[in-house]
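Q: generate a structure from the sequence data that follows.
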Amino acid sequence: MTDSAQPSPAVVRAHAKVGKLPPYAAGKPPVAVPGLAPYKLSSNENPFAPVPGVVERVHEIVAGVEGAPSLLCRYPDPLATELREKLAPHLDVPAEDIVTGAGSLGALSQIITAFAGEGEGTEPDEVIFAWRSFEAYPIVARSAGAKDVMVPLTADHRHDLPAMLDAITDRTRVILLCTPNNPTGPALTTAEVEDFLAKVPSHILVVIDEAYVEFIRDEDAVKGLEMYRKHRNVVVLRTFSKAHGLANLRVGYSVSHPEITSALRTVAVPFAVSTLAEQAAVASLEHLDEVLGHVQTVVDERVRVVAALQEAGWDVPETQANFVWLPLGDQTAAFAEAAQARALSVRAFAGEGVRVTMGEVEANDRFLEVARAFRS
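A: Coordinates of the predicted model:
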């Protein structure tokens, strides 16, 4: 047989669902501009480093103390027992109702994997969420083989809960509520979520994603843990990435009832939360007053920035998070370029708007300069 007659080698192909996944676009770093300090406002990160007690604990884990060797050569506790036991009294929930994950995204992946997928019939299960919202939602849903059902936000950039109720079908398995909503900022209220949950069939899981809960100052905002206590089909998502400034260590968790947590632990990736991450989170809880002091500084900056934007004529949605949303539409790319020219990176959603995270005072002041110039 000649070389030309040789059969073509088989090509390894990814599953068809991979081609249907939207890419996750992480916030880009700023472009260097001579004479200007660069600032990254494109990712919802905390501008403050972890509190000193956390840094000390991390050093102990890495270096070892009092003759004890570093723990980096040992596997972590797969259940993150110490962290869960520290969280339990803090949240006033049983430790058994807490399941940790690699950030709240890791915890969410456990939920979708356990409760939604390709379906038992010919049609896939469905996961409902508002859009635009956290861009990982469709990625997680489709990765599990489920169908994502996007319900457009209202004109004031909030969840359209009546429309989400109308979107429920006999294939709906999970509903995601992001509050405050990323990237637009509004938080859901207790009254509207109570009304919503009263109308959602009890076999459907409702996830209340509270990644930014520490930044909320609206007394009417829904409290996810209260909903979890009243409704057995509610799961609450939290993270140490935002308020605690531990984004790089990837530690988050969910709170739900035992019939849910048992399934989550079954599908959880073993050892997802490292000892380093667990102990940093424990130390952060032990120094919570300092953490919340940093949070209040960010909130104060948010209030200042929003007021300045409104004074400059911007229509800024109400935000309870650590970021602001500028609904720019077809001017989105132009604004992002204007910010880049001033050594600022912002998170642009093509044709929709720009999300800008609260950063250092100088960074926020420069953002305001860009915003005022853009309006002139």
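
Q: domain ranges for the protein, per the record?
A: Domain assignment for the chain by automatic domain parsing gives 29-44+289-375, 52-286.

Q: specify the local secondary structure of the residue sitting nearest the centre point of the chain.
A: By CA atoms, centre = their mean, the chain has its centre lying nearest to residue 211, at 5.1 Å. What DSSP: H, G, I helix; E, B strand; the rest coil gives for residue 211 is coil.

Q: can you check residue 26 too?
A: Going by three-state DSSP: residue 26 is coil.

Q: for the one 5 residues further on, same thing?
A: The three-state label for residue 31, taken from three-state DSSP, comes out as coil.

Q: can you count the residues close to it?
A: Residue 31 has 13 neighbours, counted by other CB atoms under 10 Å. Where C-beta positions appear, they are placed from N, C-alpha and C, glycine not excepted.

Q: re earlier: in JSON lines, list the domains of the chain along with mean pLDDT and distance to residue 13.
A: Supplementary listing: those in JSON lines, determined by pLDDT from 0 to 100; distance: least, CB to CB, whole Å:
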{"stretch": "domain 29-44+289-375", "mean pLDDT": "97", "distance to residue 13": "29"}
{"stretch": "domain 52-286", "mean pLDDT": "95", "distance to residue 13": "17"}
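
Q: list just the one of the ones you listed that sits closest to residue 17.
A: For these, the distance to residue 17 is smallest for domain 52-286, at 5.9 Å, taking CB to CB.

Q: chain center to the helix or strand that residue 149 is a member of: distance?
A: Using DSSP states H and E, the element containing residue 149 is strand 147-152. How far strand 147-152 lies from its chain's middle: 18 Å, per CA atoms, centre = their mean, to the nearest Å.

Q: and residue 141, what does it touch?
A: Residue 141 sits next to 112, 116, 127, 147-148, 174 when contact means CB atoms under 8 Å, 6 or more residues apart in numbering.

Q: so what does it have for phi and psi?
A: Recorded main-chain torsions at residue 141 are phi -60, psi -50, according to degrees, to the nearest 10.

Q: among the domains of the chain, which is nearest residue 18?
A: Short answer: domain 52-286, nearest of those by CB to CB, at 8.4 Å.

Q: any idea how far apart the tips of that closest one sit?
A: Using CA to CA, to the nearest Å, the end-to-end distance of domain 52-286 comes out at 11 Å.

Q: repeat for stretch 322-331
A: 23 Å.

Q: give the buried residues for that stretch.
A: Buried residues in stretch 322-331, counted by 16 or more other CB atoms under 10 Å: 322-328.

Q: quick one: contacts of it?
A: By CB under 8 Å, 6+ apart, stretch 322-331 touches 44, 46, 157, 182-185, 212, 215, 242, 298-299, 302, 305-306, 309, 314-317, 319, 334-335, 351-358, 371.

Q: and the helix ranked longest in the chain, what's buried?
A: Looking across the chain with DSSP state H, the single longest helix is helix 288-311. Within helix 288-311, the residues that count as buried by 16+ other CB under 10 Å are 290-291, 294-295, 298-299, 301-302, 305-306, 308-309.
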